[in-house]
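Q: what's the 3D shape of this:
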Amino acid sequence: MIDTSVKGKTQLQLGSAAALLVAALLGITVVAPAETGFDPFGSGTALGILKGVDPAVHSVHAAALVQDQVRFTLDPFQSVEYKYRLAEGDTMLYGWQATGSVVFEMHGELDGAPAGASQRYHIGRRAEASGRFTAPAAGVHGWYWQNRGFETVEVSLTASGFMASARLYDRSGVREVSLSGG
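A: This is a model prediction of the structure:
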């Protein structure tokens, strides 16, 4: 049975006000630190919800956000290398597909490292790969693909991120590639 008396209405109003107050308090002390990093009372840190703001999430980038799409045709036993200039901590999303299996290596040449030195990230043989890459240090980071088959293979790469430029290494030498923000 529902109490429709004045006393019942007052209790309902007080209960609703208390629920709103609790919701607002939880919003400020728990939800805001977890969702936005805003922690005015330090409750997010105290509760372990907020362990500090991740600088990779809240950073300003010198490079513009760009999307790059390139395609390479590899004759039998031909190779190509394509890398992006990234600052330390900058991230790119990528996906590449080949019309046949290729040998590949994802690696980086870090600024300040000895000439010819590189850091390997992934190596293998397949026809596609995709993922997210965050540069462990400033430098050029990207892929080497080699067609070890007897048929021509086409490799298509799409990448999005904070890449300042690209560098292409092929049989005609090394070329810098300009990227446009967009």
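
Q: rest of the way, CA atoms for contacts and neighbours
A: Fine.

Q: helices of this protein, start to end?
A: For the chain, the helices defined by DSSP state H cover 6-26, 32-36, 43-46.

Q: quick one: mean pLDDT over the shortest one.
A: The average pLDDT within helix 43-46 is 66.

Q: so where's the protein uncertain?
A: Along the chain, the model assigns pLDDT under 70 to residues 1-9, 12, 15-63, 180-182.

Q: if we go to 90?
A: For the chain, the stretches flagged by pLDDT under 90 are 1-65, 113-118, 162-164, 170-182.

Q: got the domain ranges for it?
A: Split into domains by automatic domain parsing, the chain comes to 6-46, 66-178.

Q: and the last one, how far apart are its ends?
A: What it means is domain 66-178. 11 Å (CA to CA, to the nearest Å).

Q: dig out what residue 69 forms beta bridges with.
A: residue 158 (DSSP bridges).

Q: test my guess that it contacts residue 159.
A: Yes. Applying CA atoms under 8 Å, one finds residue 69 in contact with residue 159, separated by 6.6 Å.

Q: higher neighbour count, these two?
A: Comparing residue 69 with residue 159 by other CA atoms under 10 Å, the one with more neighbours is residue 159, at 20 against 12.
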